[in-house]
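Asks: Next come a sequence and a model predicted from it.
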Amino acid sequence: MVAEKQHSKMVTRTVDLRSDTVTKPTEAMRAAMANAEVDDDVLGYDPTASRLETEMAKIMGKEAALFVPSGTMGNLISVLVHCDIRGSEVILGHNSHIHIYENGGISTLGGVHPRTVPNNKDGTMDINLIEAAIRDPRGGLVYPTTRLICLENSQANCGGRCLSVEYTDRVGELAKKHGLKLHIDGARIFNAAVALGVPVHRLVQAADSVSVCLSKGLGAPVGSVIVGSKSFIAKARILRKTLGGGMRQVGILCAAALVALQENVGKLEDDHKKAKTLAEGLNQIKGLRVDVAAVETNIIYLDMLDDSKFTAENLSKSLEQHGVLVMLEGPFSIRIVLHHQISASDVQYTLSCFQQALTGVQDENGN
Amino acid sequence: MVTRTVDLRSDTVTKPTEAMRAAMANAEVDDDVLGYDPTASRLETEMAKIMGKEAALFVPSGTMGNLISVLVHCDIRGSEVILGHNSHIHIYENGGISTLGGVHPRTVPNNKDGTMDINLIEAAIRDPRGGLVYPTTRLICLENSQANCGGRCLSVEYTDRVGELAKKHGLKLHIDGARIFNAAVALGVPVHRLVQAADSVSVCLSKGLGAPVGSVIVGSKSFIAKARILRKTLGGGMRQVGILCAAALVALQENVGKLEDDHKKAKTLAEGLNQIKGLRVDVAAVETNIIYLDMLDDSKFTAENLSKSLEQHGVLVMLEGPFSIRIVLHHQISASDVQYTLSCFQQALTGVQDENGN
């Protein structure tokens, strides 16, 4: 008991690496929210929401946009609008966020059937396997009807991996060839664009719709934006209302999102550098392994080697006592996500905490 | 010519006050999905206490509040819910309980006073012995105040009787309490007493209470635990949502006390409108902040023409039918706005200026 009390006194800082969703609003965002020009976005149009939507559509190279409370709603609306006819099927990665972490809502609420194709380690799905998964229309007596392909960029469960422009375009061509739509779960599309060094609108050019998170690496407190054609967004607006996402003076949240767009896209490259630094450092620690080459954006998956004395759970508890928070991914797997409110000093602190937890040896900096 | 705007289309148009803006700017926040946002927790604890229920959950809209409530109570496929033919859930929520939730609606006529006859509700409950052909009734929904009937209040006694009926048949009771505070104030009863019989209530903060966004669902701990998951599934899981909850807390603290004034203004306006040749308002039926006015046969106008004419003077109203207009009062409508509105109506309908020369 005494040892625990001494331990808790030792925690002087928190380094929250569980997700980039933990980002708190900056002073500039708080000021923008306090001063936001607002109106009833359901009865009419909230002017700040309109500004954000216009700006996002332009940045993403699409006709129109719609602010939604979450990425889950962004994806749910997109799938349900593309698949609005009963009996629809959507092709998506077996390890995609929509399939794993969205409560199966596309089916339980939307009646859409999922057809998974394996995600490769790099986040892609083999194009020939996607094509093989498309239902032959001549089998319509027993098949659902494929209407949509979903990609995820960056692909989170594969480690924040980027899908290239070329790959995305090829999937887009496949979709067109078979009369299907293409939706991109672009929760972290800006991370992908920055990592690939391409304009984000080029990256999503082949897509009919994209769902983009503002509350992750871009740091806004709440929300995502769906982009697509005018007719798609018109249907999306209605479905948003049906789901209960029609908010009134929502410009308050959109004001913060506009600041996020203006100020924080430029910081993503630093997040990627910090992730690389941290990944390289972790990979040096006895008992841990990180595929450093696979760290393309702000996400790190680390595995604990057989000869390590720890489970992921023990390790994460030990780290927690030093204020370092990570996400458990499996009995021997941990996920770390970098964001703009993690400093270079936090990265060094994290490395020394891992070092100490695993080897009990203090590093040169005496921690 | 338009020097002022008097927006009477709905109480949802209320804009955040300075106090709300300050609260939002300073709100203590955290990731409400990964863990708990402290300001959201404060609001939810406060709302549960005020409503006399175990727990609460902040949601982006009343539509989501009702949708979640119906779907959680009716989480078994093949469920049916009894609700008013003129209820908001049935008319203005895109049929979501069915199109998304697979729940079948069974309507019972709303009377002019917002109630449904108890014997008709009972008759609508499916006989379990007919299960081969019937869906299974699991839920009764009331709406208080009942909007389409004119913001009418359901009494404590009526609500309790419906609650007893629900219990007798093993059903749940949900109250669409978008304007439950208006009803409680108009009836002069504590709001927790008004909803005592209900298993769940959906309460709007963005209407008369004036918050920019959101509603709160209240119910038992187990109900709210399921509601939280369904909220995530619907896409309503917001991260640093304490920003919105901070404004909602201000709304709760500052604006419940102003509702009585809204009701007085509504009464004044209703009486004045009823005096105008060509219009009729059932003044006795104006119990809260909503007025329905009808245009009489001998009036030269349709509701649409009249509303366009009013718009030119900055007065905005809601069209309800070819000869019917709805007006909703809220705390950002002043007594002077009420007088201005009356003179605009007067001028539009009779072309005669009132004593104040407008």
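Replies: Noted; the coordinates are in hand. Predicted model, so just to flag it, every value in this text is computed and none were measured.

Asks: residues from the stretch 101-250 of chain A in reach of chain B?
Replies: Applying CB under 8 Å from any CB of the partner chain, one finds that the stretch 101-250 of chain A approaches chain B through A:102-103, A:105, A:108-110, A:215, A:221-223, A:238, A:241-250. Glycine gets a C-beta too; all of them are placed from N, C-alpha and C.

Asks: Could you tell me which of the residues you listed are located in strands?
Replies: Per DSSP state E, strands hold no members of these.

Asks: Any chance of a PyMOL selection covering the buried ones in those?
Replies: Per 16 or more other CB atoms under 10 Å in any protein chain shown, the buried members of these correspond to this PyMOL selection:
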select buried, chain A and resi 102+103+105+108+109+110+215+221+222+223+241+242+243+244+245+246+247+248+249+250
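
Asks: Please enumerate residues in contact with the helix or strand hosting residue A:174?
Replies: Secondary structure from DSSP states H and E places residue A:174 in helix A:165-177. Residues outside helix A:165-177 that contact it (CB atoms under 8 Å, 6 or more residues apart in numbering or on different chains) are A:124, A:127, A:130-131, A:149, A:151, A:153, A:180-182, A:184, A:196, A:198, A:202-207.

Asks: For that helix, list every residue counted as buried.
Replies: Burial within helix A:165-177, assessed by neighbour count using 16+ other CB under 10 Å, is assigned to A:165, A:167-168, A:171-172, A:174-175.

Asks: What about whichever residue of the stretch 51-200 of chain A sits closest to chain B, how many residues nearby?
Replies: Here the stretch 51-200 of chain A gets closest to chain B at one residue, residue A:73, 2.3 Å apart by CB to the nearest CB. A count of nearby residues for residue A:73, using other CB atoms under 10 Å in any protein chain shown, gives 31.

Asks: Please name the residues that touch it.
Replies: If you count contacts by CB under 8 Å, 6+ apart, residue A:73 has them with A:224, A:240, A:243, A:245, B:234-236.

Asks: And what about it, helix, strand or coil?
Replies: Of the three states, residue A:73 takes helix under DSSP: H, G, I helix; E, B strand; the rest coil.

Asks: on that earlier part again, please state the offset of the helix holding residue A:174 from the chain centre?
Replies: Relative to the centre of its chain, helix A:165-177 is centred 21 Å away, using CA atoms, centre = their mean, to the nearest Å.

Asks: Using PDB, write down the CA coordinates of it.
Replies: This file holds the C-alpha atoms of helix A:165-177, laid out as PDB (Å, rounded to 0.1, in the frame of the first residue of the first chain):
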ATOM      1  CA  VAL A 165      -3.300   7.400 -55.300                       C
ATOM      2  CA  GLU A 166      -2.600   4.700 -57.900                       C
ATOM      3  CA  TYR A 167      -4.200   1.900 -55.800                       C
ATOM      4  CA  THR A 168      -7.200   4.100 -55.000                       C
ATOM      5  CA  ASP A 169      -7.700   5.000 -58.700                       C
ATOM      6  CA  ARG A 170      -7.500   1.300 -59.700                       C
ATOM      7  CA  VAL A 171     -10.200   0.400 -57.100                       C
ATOM      8  CA  GLY A 172     -12.200   3.300 -58.500                       C
ATOM      9  CA  GLU A 173     -11.900   2.000 -62.000                       C
ATOM     10  CA  LEU A 174     -13.000  -1.500 -60.800                       C
ATOM     11  CA  ALA A 175     -16.000   0.100 -59.100                       C
ATOM     12  CA  LYS A 176     -17.000   2.000 -62.300                       C
ATOM     13  CA  LYS A 177     -16.500  -1.100 -64.400                       C
END
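
Asks: which element follows that helix toward the C-terminus?
Replies: With elements assigned by DSSP H and E, the helix or strand that comes after helix A:165-177 is strand A:181-186.

Asks: quick one: average pLDDT of that following strand?
Replies: When pLDDT is averaged along strand A:181-186, the result is 98.

Asks: got the angle for that strand vs helix A:165-177?
Replies: In terms of direction (axes from the mean of the first three to the mean of the last three CA atoms, to 10 degrees), strand A:181-186 departs from helix A:165-177 by 150 degrees.
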